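>>> My questions are about this predicted structure, shown below with the sequence.
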Amino acid sequence: MDTDSLQQQLQLIYQTFSLDQSTFKLMQEMTNNYILNNKTNDYIVIPRLALWLASKQQQIVAIDGSIVYGSGISLNSIINDCQNKGITNIDQLIDVAINMVTELKVDQTCQKTLTLLKHNNQILNMFYQKMEALLLHFKMNDQNILIKNITWLLFLITKKSLNLQDVVQSTCILISILTTILSQLLNIFTTTNKILSEIKKSAAGEDEQQLQIQQFLINQFKIQDLDLFSSINLQAKQQYAELIKQNVVKQLKSNSGFSIFMVSIINSNQYKLDQQYKQLLKSDEFDERLLIPDRQKNLTPKKLTPNLNTLKSNNIKQLAMQSKYDQSREQQTTSQQQQQNRYQKLLNYELDTKITLTTNLREIKLPQTVLMSPYAQQSIVATPMTEAMEILLKSYLRMEP
């Protein structure tokens with residue numbers, strides 16, 4: 001066992017989740033026991049899953065005297081943190097967690113939660129693969145990921161808003177969403193699917209085109225209960241219209257009809273849909289956005305401060321739009337690389353380490369603190385306003401004689 005690597009991960013988790021000492025000690029004990037028993041060197045997944053299991057064992061006495069289980073660490077935050085470290089196979093993640101529950105003899109409530117999550121994950125993966133297979137028929141170039149994300153978010157939001165969760169109901173919702181999406185895509189992109197190509201050629205208008213696409217999808221998904229589908233389809237259409245009305249989704253009219261995938265609005269639509277789902281999500285519910293394979297690349301905004309080269313080549317309006325909707329960098333970087341990236345913004349804080357009257361506080365090299373201490377200094381990323389003030393200060397100081 002590489003003790004140094006494991007200790008480094010434990011300290012990183014301690015700071016990331018702001019743990020109390022009792023939860024941390026139990027997590028550390030569970031991690032060590034499982035790693036020693038299984039002779040594994042997985043120092044990313046095991047400690048994080050151990051953290052979730054440890055948090056579920058904590059008992060907190062509420063103000064009214066009742067016992068509350070868990071210390072606020074959600075499974076969503078654990079999975080999201082693992083994905084940030086490059087772990088994308090959720091099924092495998094759940095299998096490891098179930099195995100840990102069995103070996104460490106943790107409360108069986110955790111196993112029930114994980115078993116249900118695995119079942120739901122397999123169903124949602126089936127839906128996602130069906131959706132992806134249909135969208136792959138379109139030559140969308142670099143917009144492929146954006147369109148997939150928007151389609152999936154519309155499906156998740158509609159399913160949650162209508163509170164229809166079983167497989168048949170979810171299938172009907174997906175068909176309804178895909179009917180709208182495929183109809184819009186046919187008007188923008190070419191398709192390699194022969195049936196969809198024929199629909200585009202033969203349909204007299206937008207309504208007829210949607211009806212033919214809908215029938216094509218009903219046949220693809222083998223829906224038998226058409227009355228149930230008609231009822232759910234009507235509700236899904238109303239929900240989509242409500243999203244348009246509330247300006248959660250914006251559509252623009254082109255020569256070929258309305259579309260939510262116009263270049264000027266596609267990033268905004270993705271961002272707003274992501275925020276809408278976040279509002280609908282309850283604290284104890286699994287975040288189904290985590291199933292989007294490319295979500296980490298597309299839904300996390302970049303730091304709002306551009307670098308110096310960008311400032312020279314773009315005007316302020318372009319920068320504001322880019323700051324709000326631009327795509328994030330890859331999250332699979334080491335902590336050292338992340339720290340270096342923070343220093344490579346508008347100001348390079350490592351150029352001068354001498355302390356003077358005009359030295360920035362962030363330039364001062366503080367002594368090493370004990371990472372395990374709750375008083376350890378946390379790294380703070382500068383806000384855009386702070387960066388702007390520092391630029392003005394630098395400019396002012398240069399102007400002084």
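Perfect, thanks for sending it.

>>> Nearest spatial neighbour of residue 38, chain-adjacent residues omitted?
residue 103 (7.7 Å; C-beta to C-beta, 6 or more residues apart in numbering). For every residue, glycine as well, the C-beta is placed using N, CA and C.

>>> and the one you found, what does it touch?
34, 37, 38 (C-beta atoms under 8 Å, 6 or more residues apart in numbering).

>>> So which bits of stretch 93-112 are buried?
93, 94, 96, 97, 98, 100, 101, 104, 106, 110 (16 or more other C-beta atoms under 10 Å).

>>> Start and end of that stretch, how far apart?
Counting by C-alpha to C-alpha, to the nearest Å, you get 15 Å between the two ends of stretch 93-112.

>>> now swap in stretch 253-272 and tell me
In stretch 253-272, first residue to last residue: 19 Å (C-alpha to C-alpha).

>>> Tell me the buried residues in it?
In stretch 253-272, counting by 16+ other C-beta under 10 Å, buried: 259, 260, 261, 262, 265, 266, 267, 268, 269, 270, 272.

>>> if I look at the nearest residue to the fifth one once chain neighbours are set aside, how far off is residue 234?
Same thing as residue 265. In space, and not counting its chain neighbours, residue 265 is closest to residue 250: 5.0 Å by C-beta to C-beta, 6+ apart. To residue 234, residue 250 is 23 Å away according to C-beta to C-beta, to the nearest Å.

>>> if we can go back for a sec, can you redo the buried residues of stretch 93-112 as TSV with pLDDT, distance to residue 383 and secondary structure?
Formatted as TSV, those follow (pLDDT from 0 to 100; distance: C-beta to C-beta, whole Å; DSSP: H, G, I helix; E, B strand; the rest coil):
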residue	pLDDT	distance to residue 383	secondary structure
93	90	34	helix
94	90	37	helix
96	93	38	helix
97	92	36	helix
98	92	42	helix
100	93	39	helix
101	91	41	helix
104	89	42	helix
106	83	41	coil
110	88	38	helix
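
>>> Tell me the one of those nearest residue 239?
Residue 239 lies nearest to residue 94 out of the buried residues of stretch 93-112, by C-beta to C-beta, at 30.0 Å.

>>> so who does the nearest residue to that closest one once chain neighbours are set aside touch?
Leaving aside its chain neighbours, residue 94 sits nearest to residue 118 (4.6 Å; criterion: C-beta to C-beta, 6+ apart). By C-beta under 8 Å, 6+ apart, the contact list for residue 118 reads 91, 94, 95, 98.

>>> and of these, the nearest to residue 29?
Nearest to residue 29 among those, with distances taken as C-beta to C-beta, is residue 98, at 19.5 Å.

>>> residues near the closest residue to that closest one other than its chain neighbours, how many?
Nearest in space to residue 98, with sequence neighbours left out and distances taken as C-beta to C-beta, 6+ apart, is residue 114 at 5.0 Å. If you count neighbours by other C-beta atoms under 10 Å, residue 114 ends up with 23.

>>> Return the residues in contact with residue 114.
Counting by C-beta under 8 Å, 6+ apart, residue 114 makes contact with 94, 97, 98, 101.

>>> Just put these in a markdown table and tack on distance to residue 199.
Formatted as a markdown table, the contacts of residue 114 follow (distance: C-beta to C-beta, whole Å):
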| residue | distance to residue 199 |
| --- | --- |
| 94 | 40 |
| 97 | 45 |
| 98 | 45 |
| 101 | 50 |
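
>>> which two in those residues are spaced the farthest apart?
94 and 101 (10.5 Å).
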